[in-house]
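K.L.:
For reference, the sequence and a predicted model appear below.
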Amino acid sequence: MSLFAIRKPEGSVRKKPFATDMKTLERETEVSFYKSSGPGGQKKNKTESSVRLHHPPSGLIVIATEQRSQVQNRLAAFRRLQRKLSTLNRVPKPRVKTRPPKAAKEKVLTAKKKLAEKKQLRQSKDIQEQI
């Protein structure tokens with residue numbers, strides 16, 4: 001099970017990208033351990049093997065509970081956090097506005113004219129039948 005949550009303080013504006021290297025992440029994140037539930041037997045039920053990482057600079061919360069080992073869950077949580085931060089760091093390309101080409105406009109207009117002609121033909125037949 002994985003969980004991503006983002007908490008952004010009001011009026012916050014991010015100026016520089018978040019660090020994604022392990023040393024910096026270990027310094028910046030708050031790590032907490034807790035008892036998980038689900039399959040895994042007595043070891044999983046008795047030990048605090050689940051890991052929750054809170055990254056205050058970004059407001060992200062990541063959880064890892066898959067493994068029975070706390071060390072493996074911790075590594076999985078840090079990998080998830082790195083992946084999520086790298087997607088947050090990505091700067092989207094500015095959209096370039098484009099106009100449809102003249103040929104495309106003409107194609108649409110001719111299709112509309114054909115439909116209009118069909119409808120006109122139907123109406124004239126309906127009117128003759130009513131008379």
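P.N.:
Alright, I've got the coordinates.
K.L.:
How is R52 assigned, secondary-structure-wise?
P.N.:
At R52 the chain is in strand, as set by DSSP: H, G, I helix; E, B strand; the rest coil.
K.L.:
What is the burial count for it?
P.N.:
18 (other CB atoms under 10 Å). Where you see a C-beta, it was placed from the backbone N, CA and C, and this is true even at glycine.
K.L.:
Can you tell me how far it is from I63?
P.N.:
Taking CB to CB, to the nearest Å as the measure, R52 falls 5 Å from I63.
K.L.:
Give me the common contacts of those two.
P.N.:
By the contact definition CB atoms under 8 Å, 6 or more residues apart in numbering, R52 and I63 are jointly contacted by A77.
K.L.:
Let me know the average pLDDT across the biggest helix by length in the chain.
P.N.:
For the chain, the helix that runs over the most residues, judged by DSSP state H, is helix 102-130. Mean pLDDT, computed over helix 102-130, is 86.
K.L.:
For S50, name its beta-bridge partners.
P.N.:
Y34 (DSSP bridges).
K.L.:
That one against F33, yeah?
P.N.:
Yes. S50 is within contact range of F33, at 6.7 Å (criterion: CB atoms under 8 Å).
K.L.:
Looking at these two, which is more packed in?
P.N.:
S50 (23 against 14).
K.L.:
So for the more buried one, what pLDDT did the model give?
P.N.:
91.
K.L.:
Look up how far T87 lies from it.
P.N.:
24 Å.
K.L.:
Repeat that for E117.
P.N.:
51 Å.
K.L.:
for S36, same thing?
P.N.:
From S36 to T87 the distance is 26 Å (CB to CB).
K.L.:
The nearest residue to S36 once chain neighbours are set aside and L115, how far apart?
P.N.:
Leaving aside its sequence neighbours, S36 sits nearest to S50 (CB to CB, 6 or more residues apart in numbering; 3.7 Å). S50 is 61 Å from L115, where distance means CB to CB.
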